[in-house]
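> My questions concern the predicted model and sequence given below.
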Amino acid sequence: MPKPSTAVTFQDALEAVEKLPDEQQHDLVEIVRRRQSERRRGQLAASIQQAREELARGEVRRGSVDELIAELED
């Protein structure tokens, strides 16, 4: 017999939040925003690290946009 799903739908979450007092709704929104910012910051840091590693391996070249376009046209 399959286990019942424990996934929460967006609508379920919204209804649960609407049952909270206003102050708790505000706090929840702030916590979600902060976590999103932290996640984006982590993703950006990982992307920067990857770019640095690629540069160190010689897989990335530096130059201006005009130089890149000229190289692509060759």
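The structure has been received and is ready for your questions. Residues are numbered from 1 along each chain as shown.
> longest helix of the protein?
Secondary structure of the chain per DSSP state H: the longest helix is helix 22-56.
> roughly how far out does it sit from the chain middle?
When C-alpha coordinates are averaged (CA atoms, centre = their mean, to the nearest Å), helix 22-56 and its chain have centres 6 Å apart.
> again, but for stretch 44-62
Shown here is stretch 44-62, whose average C-alpha point lies 19 Å from the average C-alpha point of the whole chain (CA atoms, centre = their mean).
> Give me the buried positions along that stretch.
When burial is assessed from 16 or more other CB atoms under 10 Å, stretch 44-62 yields no buried residues. Where you see a C-beta, it was placed from the backbone N, CA and C, and this is true even at glycine.
> I'd like the average pLDDT over that stretch.
Per-residue pLDDT values over stretch 44-62 give a mean of 91.
> follow-up on the earlier one: now the element after the longest helix of the chain, going C-ward?
Downstream of helix 22-56, the next assigned helix or strand under DSSP states H and E is helix 65-73.
> what distance separates that next one from the centre of its chain?
Helix 65-73 sits 31 Å away from the centroid of its parent chain (CA atoms, centre = their mean).
> Dump that helix to PDB, restricted to CA.
Taking C-alpha atoms only, helix 65-73 is exported to PDB below (Å, rounded to 0.1, in the frame of the first residue of the first chain):
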ATOM      1  CA  VAL A  65      32.800  42.600 -25.500                       C
ATOM      2  CA  ASP A  66      34.100  44.000 -28.800                       C
ATOM      3  CA  GLU A  67      37.100  41.600 -28.600                       C
ATOM      4  CA  LEU A  68      34.700  38.700 -28.100                       C
ATOM      5  CA  ILE A  69      32.500  39.700 -31.000                       C
ATOM      6  CA  ALA A  70      35.500  40.100 -33.200                       C
ATOM      7  CA  GLU A  71      36.800  36.600 -32.200                       C
ATOM      8  CA  LEU A  72      33.400  35.100 -32.900                       C
ATOM      9  CA  GLU A  73      33.300  36.700 -36.400                       C
END
